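> Fold the following.
(one chain, ligands or ions: 2)
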Amino acid sequence: MKGLLSILRKLKSAPDQEVRILLLGLDNAGKTTLLKQLASEDITHITPTQVRKVSQCLTTSEDACHKCGRNIYVIDSADRKRFEETGQELAELVDEEKLSGVPVLIFANKQDLLTAAPAAEIAEGLNLHTIRDRVWQIPVLLRPHGRGSVGEKTVFILKQLLLQWS
Ligand SMILES: Nc1nc2c(ncn2[C@@H]2O[C@H](COP(=O)(O)OP(=O)(O)OP(=O)(O)O)[C@@H](O)[C@H]2O)c(=O)[nH]1
Ligand SMILES: [Mg+2]
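Residues are numbered from 1 along each chain as shown. Ligands and ions are numbered 1, 2, ... in the order given. Purely as a prediction, here's the structure:
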């Protein structure tokens, strides 16, 4: 965790400013794996988190997650059966008053799987065109960069965060 936070701090003009990222998404989307990858932690033994639709907050303080200024919405790019469901969850999320105006980065996870849908199909499957008042972006990792390439994924996400939120 220190790795990401120190990099993000360096990227901010105010070095002491807190950087908080909220990870959201359906169960099995890959939130815990992504969180651990961002924190440069071992991802060999990951078990399901015991709360459905869990949100996980990478934060330098114990403040509530809804104060996070950056949201990453994680989706399983290969689970087409749940595109509609996850799109509905996302739509509810952006309607959430507490998250009003907070940009959402949609992270198309599991792109290493051969069955992963491309960005255009994901956008359509999730009905992203209905989100009008919010910046959203779908970063898609190039195959075969996937679960194993922790460094690549971390750098990629950092670049996306910088592009969107600098
Ligand atoms: N192929 C592949 N598998 C992944 C990737 N990211 C996560 N997984 C796998 O997907 C499964 C779910 O990952 P988790 O990180 O537990 O997902 P989660 O969103 O935290 O799930 P819950 O805790 O149940 O909400 C695990 O078996 C991971 O190993 C990825 O990029 N590629
Ligand atoms: Mg989890």
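> So Glu89 is in contact with Val74, correct?
No: no contact is recorded between Glu89 and Val74 when judged using CB atoms under 8 Å, the distance being 11.1 Å. All C-beta spots, glycine's among them, are computed from the backbone N, C-alpha and C.
> shared neighbours of the two, which are they?
By CB atoms under 8 Å, 6 or more residues apart in numbering, Glu89 and Val74 have these common neighbours: 24-25.
> between those two, which one's more packed in?
Neighbours were tallied for Glu89 and for Val74 using other CB atoms under 10 Å; the higher tally belongs to Val74 (25 against 17).
> count of residues packed around the closest residue to the more buried one other than its chain neighbours?
Sequence neighbours aside, Gly25 is the residue nearest to Val74 in space, at 3.6 Å (criterion: CB to CB, 6 or more residues apart in numbering). Neighbouring residues of Gly25 were enumerated by other CB under 10 Å; the total is 25.
> can I assume Gly25 is in contact with Asn71?
No: taking CB under 8 Å as the contact criterion, Gly25 and Asn71 are not neighbours in contact, 10.1 Å apart.
> roughly how far apart are Lys110 and ligand 2?
Between Lys110 and ligand 2 the computed distance is 14 Å (CB to the ion, to the nearest Å).
> ok, now how distant is that residue from ligand 1?
Taking CB to the nearest ligand atom, to the nearest Å as the measure, Lys110 falls 4 Å from ligand 1.
> do the same with Ile21
When distance is defined by CB to the nearest ligand atom, Ile21 is 15 Å away from ligand 1.
> does that residue have beta-bridge partners, and which?
With DSSP bridges applied, the residues forming beta bridges to Ile21 are Leu58, Arg70.
> what about it, how many neighbours?
Other residues near Ile21 number 23, with proximity taken as other CB under 10 Å.
> can you tell me how far it sits from Leu128?
Ile21 sits 20 Å away from Leu128, taking CB to CB, to the nearest Å as the criterion.
> Who are the contact partners of the closest residue to Asp133 other than its chain neighbours?
For Asp133, the nearest residue in space outside its immediate sequence neighbours is Val94; the separation is 7.6 Å by CB to CB, 6+ apart. Val94 makes contact with 104, 131, 133-134, according to CB under 8 Å, 6+ apart.
> any chance of those residues in JSON lines, with distance to ligand 2, neighbour count and secondary structure too?
What follows is the contacts of Val94, written out as JSON lines (distance: CB to the ion, whole Å; neighbours: other CB atoms under 10 Å; DSSP: H, G, I helix; E, B strand; the rest coil):
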{"residue": "Val104", "distance to ligand 2": "19", "neighbour count": "21", "secondary structure": "strand"}
{"residue": "Ile131", "distance to ligand 2": "24", "neighbour count": "18", "secondary structure": "coil"}
{"residue": "Asp133", "distance to ligand 2": "29", "neighbour count": "8", "secondary structure": "coil"}
{"residue": "Arg134", "distance to ligand 2": "24", "neighbour count": "16", "secondary structure": "coil"}
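> That concludes my questions; thank you for your assistance.
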